[in-house]
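Novice: Build me a model:
(one chain, ligands or ions: 1)
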Amino acid sequence: MQQFGELKENVNLKDYNTYNIGGKAKYLIKPYNIEALKGLIRYLKENSIKYFILGKGSNVILPDEDYDGVVILLSKLNHIEIKNNVVYAESGILLNNLINELMNNNLSGLENLYGIPGTLGGAIVQNVEAHKTQISDYLIDIKYLEDDKIKEIRKEECNFVYRSSIFKKNKSKIVLSCTFSLQFKDKNEIKKQIEEIVKKRIATQPLEYPNAGSVFKNPESIPAGKLIEDNNLKGYHINGAYVSNKHANFIVNLDNATSKDIKDLIYYIKIKIKQNTNIDLELEQEIIKY
Ligand SMILES: Cc1cc2nc3c(=O)[nH]c(=O)nc-3n(C[C@H](O)[C@H](O)[C@H](O)COP(=O)(O)OP(=O)(O)OC[C@H]3O[C@@H](n4cnc5c(N)ncnc54)[C@H](O)[C@@H]3O)c2cc1C
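Specialist: From the prediction side, this is the model:
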């Protein structure tokens, strides 16, 4: 497998997700480039080897069990090309790094998403949103890998809705790159906006502890955090997994929580909210099953 990328064996997945949970993976590989990723997927399929794509692990709940397959990290797919206001970016780039690069080129549009700790690929899968900006807002098209072929799809065909897209529904599609059309703006103004957003995040989110962002989607009637707080669940915990005292829609890993602790806490919150309010909370984070 080494010919396709940087390969590690027996890797502790705790170091590869923002909850700091999970067992070990037999292999973890960072493909050198898009062609190498294509070769790798072909090789894994031909040899019936299990695999899954992991971004920054900031929206997933990995299992406690070990994984007898290959975790693929796209962090080497981080190339950007800028021509006027049109930007091509590969999916392994961290969103913050992309936004910084855009700012340095006086390009505006995505700065409201600053502080989301994931990759561009993860952002597309989930159609991330912050401060009324969705990643899909400035998108033109996407290249993805499926059935050994590189395909191109226009934004309009991606079914972008609240925290979902066709890439979330169909796991056989691997996002390779995106093209955005942005607006010109003075970099100092963009910088100011980013600083404001970072301040807000620090003030409202428990960034000092391992977490994976919002646990539940917001129901139409009330933000999930307010609902959980109103039902006196702030600070409730199962072993090391706590409902954050700072923001009730965050679960924080305060003391070596396991994946099971986090899933049990999620279940407990869902049941309590259903019993007390008859509202069905829907998970925003993704429970990974091997
Ligand atoms: C502190 C904090 C704040 C957050 N704030 C926000 C916020 O404001 N708004 C918001 O919407 N989210 C937020 N999130 C959630 C999270 O950061 C986003 O959902 C992010 O886009 C996930 O990206 P990732 O690279 O970490 O994906 P991962 O968690 O690694 O993966 C998520 C899913 O995407 C798949 N995937 C990843 N890359 C690809 C690819 N290239 N092709 C196909 N599938 C792929 C994975 O297989 C997995 O199914 C926050 C999280 C944290 C920890």
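
Novice: Please, where are all the helices along the stretch 151-290 of the chain?
Specialist: With DSSP state H, counting those that start in this stretch, the ranges of helices along the stretch 151-290 of the chain come out as 166-169, 187-204, 224-230, 259-277.

Novice: Tell me how many other residues surround the residue in the stretch 151-290 of the chain that the ligand sits nearest to.
Specialist: Closest residue of the stretch 151-290 of the chain to the ligand, Cβ to the nearest ligand atom: residue 213 (2.5 Å). (Each C-beta comes from the backbone N, C-alpha and C, glycine too.) Residues lying near residue 213 (other Cβ atoms under 10 Å) number 19.

Novice: now do residue 200
Specialist: For residue 200, the neighbour count with other Cβ under 10 Å is 13.

Novice: Relative to residue 180, how far out is it?
Specialist: Computed with Cβ to Cβ, to the nearest Å, the distance linking residue 200 and residue 180 is 24 Å.

Novice: per-residue pLDDT, the residue nearest to residue 205 when sequence neighbours are not counted?
Specialist: Using Cβ to Cβ, 6 or more residues apart in numbering and skipping the chain neighbours, the partner closest in space to residue 205 is residue 247 (5.5 Å). According to the prediction, residue 247 has pLDDT 98.

Novice: Was I right to think residue 247 contacts residue 208?
Specialist: No - with contacts counted by Cβ atoms under 8 Å, residue 247 stays clear of residue 208, the gap being 11.9 Å.

Novice: Spell out which residues of the stretch 151-290 of the chain are next to the ligand.
Specialist: 167, 174, 175, 205, 207, 211, 212, 213, 286 (Cβ under 6 Å from any ligand atom).

Novice: Enumerate every residue touching the fourth one.
Specialist: By Cβ atoms under 8 Å, 6 or more residues apart in numbering, residue 205 lies in contact with 211, 246, 247, 250.

Novice: returning to what we had before: between residue 247 and residue 208, who's got more neighbours?
Specialist: residue 247 (21 against 9).

Novice: how is this protein carved up into domains?
Specialist: Domain assignment of the chain by automatic domain parsing yields the ranges 2-73, 80-204, 224-287.

Novice: Turn those domains into TSV, including distance to residue 217.
Specialist: Below are the domains of the chain laid out as TSV (distance: least, Cβ to Cβ, whole Å):
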stretch	distance to residue 217
domain 2-73	12
domain 80-204	6
domain 224-287	5
